[in-house]
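Asks: Sharing a model prediction with you, sequence too.
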Amino acid sequence: MKKTATPRNKAKAKSPALPKRKATEKPEAEQKAKASAKAKAPKKVKRESTKDEAKVLDLNKARKLKKAAADYVEARLEHERLTKEKTEAQKAMDAAEAKLVTAMNEQGADFVGLPKLGKFKLQPKMYVGAVAANKPAFLKWLRKKKHGGIIKEDVHPQTLKSFVKELMDDAFLKGKDVELKEELTEKNNFITMYEKVEVTWTRPKQ
């Protein structure tokens, strides 16, 4: 026997079904809360790439190097100018002194006072230097004359520098350069030794 739908059953059958909420969907209140929190969060500052930072750093170093080189060239040229001026000034003074000595000798005076210029006096000075080729014989003569007390054994600085450099290079090849340096300096205090890095400058073509 066929069943007839009651009014209650009809109402139930006609009511539309509510759409099911997907698992990924969130309530509107929760979405608004998260959006508000995101707006209040401090924004992260975007950093430049490491590659860009390296470029800026290299550029700064290059500028610093160029400035240092320019300062060196300026100082070097100034030093050369002053050295040249000093040499020329020394030559001019020597020539002027020779003329003054001649003029005073012609006047037969070893002392003269001039207004606004000052007083001038001729006073001989002795300059002595041993002849290198005859130095051994000269030292022997001094000892023979009982003047050996004034003899002081010495080595020219440039000769000593070359000699020590040769010793150090040979010791380096043998792995004994540190030991040799300590023996010459700290242990026996024979010499002072230090290294300084210097610049060799090649002038640009004009």
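Replies: That came through fine.

Asks: Could you list the residues in contact with stretch 150-159?
Replies: Applying C-beta atoms under 8 Å, 6 or more residues apart in numbering, the external contacts of stretch 150-159 come out as 139, 142-143, 163. Placement of C-beta: from N, CA and C, glycine included.

Asks: Please indicate which of those residues are buried?
Replies: Neighbour-count burial (16 or more other C-beta atoms under 10 Å) is assigned, among the contacts of stretch 150-159, to residue 139.

Asks: mind putting the contacts of stretch 150-159 in CSV, pLDDT, secondary structure and distance to residue 122 included?
Replies: CSV is the format used below for these (pLDDT from 0 to 100; DSSP: H, G, I helix; E, B strand; the rest coil; distance: C-beta to C-beta, whole Å):
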residue, pLDDT, secondary structure, distance to residue 122
139, 88, helix, 34
142, 89, helix, 32
143, 91, helix, 37
163, 90, helix, 44
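
Asks: okay, the contacts of stretch 150-159 in a markdown table with distance to residue 179 next?
Replies: As requested, the contacts of stretch 150-159 are arranged in a markdown table below (distance: C-beta to C-beta, whole Å):
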| residue | distance to residue 179 |
| --- | --- |
| 139 | 34 |
| 142 | 38 |
| 143 | 37 |
| 163 | 18 |
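
Asks: For residue 104, state which of the contacts of stretch 150-159 is nearest.
Replies: Of all the contacts of stretch 150-159, residue 142 has the smallest distance to residue 104: 37.0 Å, by C-beta to C-beta.

Asks: right, and the closest one touches residue 148 too?
Replies: Yes: between residue 142 and residue 148 a contact is recorded at 5.7 Å, counting by C-beta atoms under 8 Å.

Asks: Mind checking the pLDDT average for the longest helix belonging to the chain?
Replies: Longest helix in the chain, counting residues (DSSP state H): helix 50-107. On average, the pLDDT along helix 50-107 is 90.

Asks: So which elements touch the helix or strand following that helix?
Replies: Remark: after helix 50-107, the chain's next helix or strand is strand 111-114, criterion DSSP states H and E. On a contact count with 3 or more C-beta pairs under 8 Å, 6 or more residues apart in numbering; DSSP states H and E, strand 111-114 meets strand 118-121.
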